[in-house]
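Q: Fold the following.
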Amino acid sequence: MSERNQDGYQTLGWIINQSENGLFLVIAEEPIQQEIVEVYRGGMIGVYDYRRNPGEFSFADLKAWIDAQENVRTFFIVNFQFAIPGQQDIDRLNFSRDMLTGLGRNLVFFTTPYGDDRLARGAYDFYSFLKIRITFHDYMADGKKGDVILSLDTEAKKQEAGQQETDQQEAVQAEADGQREALKEEQKEDTRHRLQEAYSLRKQAEEYSDETDYRESLGLLLKARTIYEEVLGAEHLETASVYYDLAIVYWKLYAWQQAEALCGRAMEIRRKILGENHPDIAACYNALSQIYKGQGKYREAEELCQRAIAMCEDRLGEEHPMTTEYRNNLAVIYGEQGKYAAAEKIEEQVLNIVIKVLGEKHTNTAASYGNLAYAYLEQGKYEDAEKLLKKALAIREEILEENHPDIAETYNILAALYEEQQRYTEAEELYRRSIAIYNKAPAKNDTGIANAYNNLAGLYGKEGKYTEAEELYKKAVLVYENLLGEKHPYTATAYSNLAYLHENRGEYGKAEELYRKACLIVREMLGENHPRAVDIYYNLAILYDRQNEYEKAKGLYRQALPIAEKVLGTNHNLTCAIRNRLEKLCDSRENGL
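A: Next up, the predicted model:
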């Protein structure tokens, strides 16, 4: 349905995947143009934005830019409305039509409806060469609108009522009016300046978040919130957007209460202004779902995620990027509960849509292959998982830089697959290759190398290479402590892994100390009823069991079992393992063994 932009995305996918060459035109407002660019940026396309690079249309300049990218077949020329301000620019475009076609590439020109009107009236030669004209609709177009944009020029100067009795009164009134207008202009300029400052703060915060530096991002967003609340008020849509951004950052920092409260506040404001069935409301449902998932509240997370998906399907279409993203999130929720078959079904649907819309050679396609491979891996479908991981690796090696972290991550996951199959030599080689890439191209706040250290250490532990394993586990701990701090769930997992190594070496005192340290962190950061807490209880209980401290072990099993049954389900592997060990321990004690 074109009103949901579903047809538009399908057509662009066809152009990228199937079309050999031609001229195409996309009509969309600027925010939608930006959305489309973000969706396809990870694929084999070139993007030229006339807003970022102001200037009039020049075939020679455009050709030089295209020729410099030999391996790219499809080019997005965005915000083209800025390149044709006058009739002479349109005349040049008409004159260039044959030369544009002669480039032998897919050239997709993006313009606003106003720009399209100008092209339709004047660029008749250019229009006649277009293969397809695609219209993307603004999501606000047929929804509830309301006052969502601050206007700085809404109040015009009031006309004087009645004729002044004397010239002196007119002069006095004129002077007073002049002072008032000057004050208004000064206030408007101050408002503009403050809103520009807030916008700049949010952009900086976004950059820090992209680098996973969430504390820096939080400080900047709090400053922006203050400005928006003072200038626009606490009920404005832009203020709601800052509340939403803050909720996401608090979620990343495991500050559940603040995240949930701010996300709820953002949803309340958006619902009043935009109505219930708007994509921004779906985004809030999805964010709340992630917040609940982080706390191990899977039932609530699942319900909210399904609601977000239903809204996106209804409002945007089944193939919209938001819809596929939220479906993938639901698959992760299923996977964390051990519902791997349900996760697999969703990941297969997402993969088919991503290939259809974005094509094979796109980073999102590679990610979808990886997600489905993980679902296969968890179910022991190793051959299927290996095929998909190799596909993901081939895509990433072709379109990304040689030492990109995503390539290292794929090596890491493929190595884990080989380890599960006891193909230890192949696994070790890939773990080492992953670590080498991370070392060549270290990224700020990237914990990927710590994950690789952990995995290789686990492999060495299985092979009895305890000295090498300990060295790598300690390296992982150091990375997590430096990047995330001691009180972080990932750091707690690293402590737990090191504890397990000490346990296998018979160093029970060191193991107990680290397990307890990990347990305290997880309980503080994630809560008593989180699956990670259950996992550590289980490991600590096994440690006590091995030392014949049966009462301590039994107490932890009994503490972990109801939590596991509640958050993971009665048939989850970990739940069954806890139950079996508790029953075995109780039976042996009753029989005096």
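Q: and Glu20, which of the three is it?
A: coil (DSSP: H, G, I helix; E, B strand; the rest coil).
Q: Contacts made by stretch 499-519 with the rest, please.
A: For stretch 499-519, the external contacting residues (Cβ atoms under 8 Å, 6 or more residues apart in numbering) are 457, 461, 466, 469-470, 473, 492-493, 495-496, 498, 533, 536-537, 539-540, 542-543, 546-547. (Glycine included, C-beta is placed from N, CA and C.)
Q: Could you give me the buried positions within that stretch?
A: 499-503, 505, 507-508, 511-512, 514-515, 517-519 (16 or more other Cβ atoms under 10 Å).
Q: picking that back up, quick one: buried ones out of the contacts of stretch 499-519?
A: Using 16+ other Cβ under 10 Å, the buried ones in these are 457, 461, 466, 469-470, 473, 492-493, 495-496, 498, 533, 536-537, 539-540, 542-543.
Q: Looking at the residues you listed, which are in strands?
A: Using DSSP state E, no member of the buried ones among the contacts of stretch 499-519 sits in strands.
Q: ok, now how distant is Glu386 from Glu207?
A: Counting by Cβ to Cβ, to the nearest Å, the gap from Glu386 to Glu207 is 37 Å.
Q: before we move on, what about Gln337?
A: 34 Å.
Q: Need the max-distance pair from the buried residues of stretch 499-519.
A: Arg505 and Cys519 (20.5 Å; Cβ to Cβ).
Q: quick one on the thing from earlier: of Glu386 and Glu207, which one has the most company?
A: Set Glu386 next to Glu207 and count neighbours by other Cβ atoms under 10 Å: Glu386 wins out with 17 against 13.
Q: How far off centre is the strand or helix carrying the more buried one?
A: Glu386 belongs to helix 382-399 when assigned by DSSP states H and E. In terms of Cα atoms, centre = their mean, to the nearest Å, the centre of helix 382-399 is set 22 Å apart from its chain centre.
Q: I'd like the next helix or strand past it.
A: Assigned by DSSP H and E, the successor of helix 382-399 is helix 405-420.
Q: tell me which residues in the helix holding Glu386 are buried?
A: Here helix 382-399 shows Tyr382, Asp384, Ala385, Glu386, Leu388, Leu389, Lys391, Ala392, Leu393, Ile395, Arg396, Ile399 as buried, counting by 16+ other Cβ under 10 Å.
Q: which one of the residues you listed sits closest to Asn71?
A: Among those, and counting by Cβ to Cβ, the member closest to Asn71 is Ile399, at 9.3 Å.
Q: From Ala392, how far off is that closest one?
A: 11 Å.
Q: Can you get me a residue count around Asp587?
A: When neighbours are counted by other Cβ under 10 Å, Asp587 comes out with 10.
Q: ah, wrong one, I meant Gln6
A: Count around Gln6 with other Cβ under 10 Å applied: 18.
Q: Which residues are in contact with it?
A: Leu316, Gly317, Glu318, Glu319, His320.
Q: what's it sitting at in phi/psi?
A: phi -70, psi -40 (degrees, to the nearest 10).
Q: could you check the distance from it over to Thr575?
A: 41 Å.
Q: Which SSE is immediately downstream of the helix or strand bottoming out on mean pLDDT in the chain?
A: Within the chain, no helix or strand scores below helix 167-210, which has a mean of 72 by mean pLDDT, DSSP states H and E. For helix 167-210, the following helix or strand on the C-terminal side (DSSP H and E) is helix 214-231.
Q: Show me the shaky parts of the stretch 51-200 of the chain.
A: Low-confidence segments of the stretch 51-200 of the chain (pLDDT under 70): 139-188.
Q: Show me where it has its strands.
A: 74-78, 106-111, 130-135 (DSSP state E, counting those that start in this stretch).
Q: got the contact list for Val108?
A: Leu12, Ile15, Phe24, Leu25, Val26, Thr74, Phe75, Phe76, Ile77.
Q: want to throw those residues into JSON lines with distance to Arg270?
A: Listed next are those as JSON lines, based on distance: Cβ to Cβ, whole Å:
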{"residue": "Leu12", "distance to Arg270": "28"}
{"residue": "Ile15", "distance to Arg270": "33"}
{"residue": "Phe24", "distance to Arg270": "34"}
{"residue": "Leu25", "distance to Arg270": "32"}
{"residue": "Val26", "distance to Arg270": "27"}
{"residue": "Thr74", "distance to Arg270": "35"}
{"residue": "Phe75", "distance to Arg270": "35"}
{"residue": "Phe76", "distance to Arg270": "29"}
{"residue": "Ile77", "distance to Arg270": "33"}
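Q: Please identify which of those residues is nearest to Ala64.
A: Phe75 (12.6 Å).
Q: which SS class is the closest residue to the closest one other than its chain neighbours?
A: Distances taken as Cβ to Cβ, 6 or more residues apart in numbering put Gly46 closest to Phe75, at 4.3 Å, once the chain neighbours are dropped. Three-state assignment for Gly46 (three-state DSSP): strand.
Q: how much space between Gly46 and Asn439?
A: Applying Cβ to Cβ to Gly46 and Asn439 gives a distance of 31 Å.
Q: Between the two, point out the one with more neighbours.
A: Gly46 (17 against 12).
Q: Now do the contacts for that one.
A: Trp65, Ile66, Gln69, Val72, Thr74, Phe75, Phe76.
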